[in-house]
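# Build the 3D model from these lines:
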Amino acid sequence: MLVVGGVFMLFVDKWFNKPNLDQSVGWKRALKIGFWQCIAMIPGVSRSMATIVGGMTTKLTRKNAAEFSFFLAVPTMAAAGGYKLLKLMTDPTGVTMLQENLVTLLIGNVVAFIVALGAIKFFIEFLTRHGFKAFGYYRIIVGGIIIELLFSGVELNIL
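I've put the predicted structure just below:
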């Protein structure tokens, strides 16, 4: 999927970059983009790329599609974090861990939030100026390396 997704990224602007004047995101457009997000359940498919392409198929600009993609990630990440927190709070060991590391967790979350804002700003500016080709080439190169390693007999187990 890395290689296939990379090849797709090389041509996505040619196929879908036809924005119209209406850049508002109502519930119908958001629902269509949300369905595109479901493609990310396929291993190796980027959630943000799927939603950006979904936005572009509904005639959003690259920039607006990317911004909406990141806004769409907020409830997903909040739900995942909330679920993880709930699981920790129902486990006595988890409650103890939370109590002992609360300050560290809070500082980590604040720093991660600030860094994420900077990364998102950089990504959207880069994407607006250069499109998806750099990401496509990256995926093709990494996918090719992984395929070569697999054919060479290297085991790629994640511990």
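
# can we go C-alpha only for contacts and neighbour counts from here?
Noted.

# Show me what stretch 68-77 is in contact with.
If you take CA atoms under 8 Å, 6 or more residues apart in numbering as the criterion, stretch 68-77 is touched by 48, 51, 52, 55, 120.

# center of this protein - which residue?
residue 48 (3.3 Å; CA atoms, centre = their mean).

# so which strand or helix has that one?
Using DSSP states H and E, residue 48 sits within helix 47-57.

# Work out the gap between that helix and the centre of the chain.
Mean C-alpha position of helix 47-57 versus that of the full chain (CA atoms, centre = their mean, to the nearest Å) differs by 10 Å.

# can you give me the angle the next helix or strand after it makes with helix 47-57?
On the C-terminal side of helix 47-57, the closest following helix or strand by DSSP H and E is helix 62-89. Here the directions of helix 62-89 and helix 47-57 differ by 140 degrees (axes from the mean of the first three to the mean of the last three CA atoms, to 10 degrees).

# distance of the residue of the chain most remote from its centre from residue 107?
In the chain, counting by CA atoms, centre = their mean, residue 92 sits farthest out from the average C-alpha position, at 33.0 Å. Distance from residue 92 to residue 107, counting by CA to CA, to the nearest Å: 23 Å.

# What lies in contact with stretch 94-106?
So stretch 94-106 is contacted by 87, 88, 89 (CA under 8 Å, 6+ apart).

# Quick one, which of these are buried?
By neighbour count, with 16 or more other CA atoms under 10 Å, the contacts of stretch 94-106 hold residue 88 as buried.

# picking that back up, looking at the contacts of stretch 68-77, which is nearest residue 18?
Nearest to residue 18, judged by CA to CA, of the contacts of stretch 68-77 is residue 55 at 10.9 Å.
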